[in-house]
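> What follows is a predicted structure for the sequence shown.
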Amino acid sequence: MTLNKDVESILVSEEEIESIVKRISAEIDRDYKDTGKKFLLLCILKGSVVFMGELMKHITIPVEIDFMKVSSYGAGTQTSGRINIMLDLHRSDFSDTDILIIEDIIDSGRTLSYLVDYLKLKGAHSVKTCTLLDKPDRREVDFTPDYCGRTIPDEFVVGYGLDYDEKYRALPYVGILKRSVYSK
């Protein structure tokens, strides 16, 4: 596998990602197979698109998909601490819907913590969370995802949907971005 020139090293390989996706999709199938409710995968744009697309291919129960665009980042690599909803979820059947929020990575935990409460207030039957990557060392609120692919160290990572300045999303692995790229 060719390493992108801006990537220091591969943190999560294609093979490991495939294993994570298969494990989590089996857990989702097990947990949601007999709920009697609509099941919605809610993708948080843009970074989670690749992960959700792969999960969908392996989930065997009936599933709906939808999208929200939410940001807690200003310019650069630092979170602003404020949650901005740019694309909201609108449904008339929240009370009959189990929502699983699909996220690429959890840092501070603020965004997902906020979204869980927000969707419950909108009347969702249940709201759970699923992330490919978790950085608990960066947590600013008490938050634990319901489904987690892998815990990673506090490094700036790109690939498999994750970006820096809209670049690197198409890399088939998750790699550690060279510090020189983002600390100019």
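Received, thanks. Numbers count the residues shown, from 1 in each chain.

> Residue ranges in this structure under the pLDDT threshold?
Scanning the chain with the threshold set as pLDDT under 70 gives 1, 73-81.

> The same query, at a cut-off of 90, please.
Low-confidence segments of the chain (pLDDT under 90): 1-3, 71-83, 183-184.

> where do the helices sit along it?
Along the chain, counting by DSSP state H, helices occupy 14-32, 49-58, 110-121, 179-182.

> is it possible to export the ones you listed to JSON lines including distance to residue 152?
For glycine as for every other residue, the C-beta is placed from the backbone atoms N, C-alpha and C. Listed next are these as JSON lines, based on distance: least, C-beta to C-beta, whole Å:
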{"stretch": "helix 14-32", "distance to residue 152": "11"}
{"stretch": "helix 49-58", "distance to residue 152": "14"}
{"stretch": "helix 110-121", "distance to residue 152": "16"}
{"stretch": "helix 179-182", "distance to residue 152": "16"}
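
> In a markdown table, list those helices along with mean neighbour count and distance to residue 93.
Shown next, in a markdown table, are the helices of the chain (neighbours: other C-beta atoms under 10 Å; distance: least, C-beta to C-beta, whole Å):
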| stretch | mean neighbour count | distance to residue 93 |
| --- | --- | --- |
| helix 14-32 | 16 | 16 |
| helix 49-58 | 19 | 20 |
| helix 110-121 | 18 | 13 |
| helix 179-182 | 13 | 42 |
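
> Having no further points to raise, I will conclude here.
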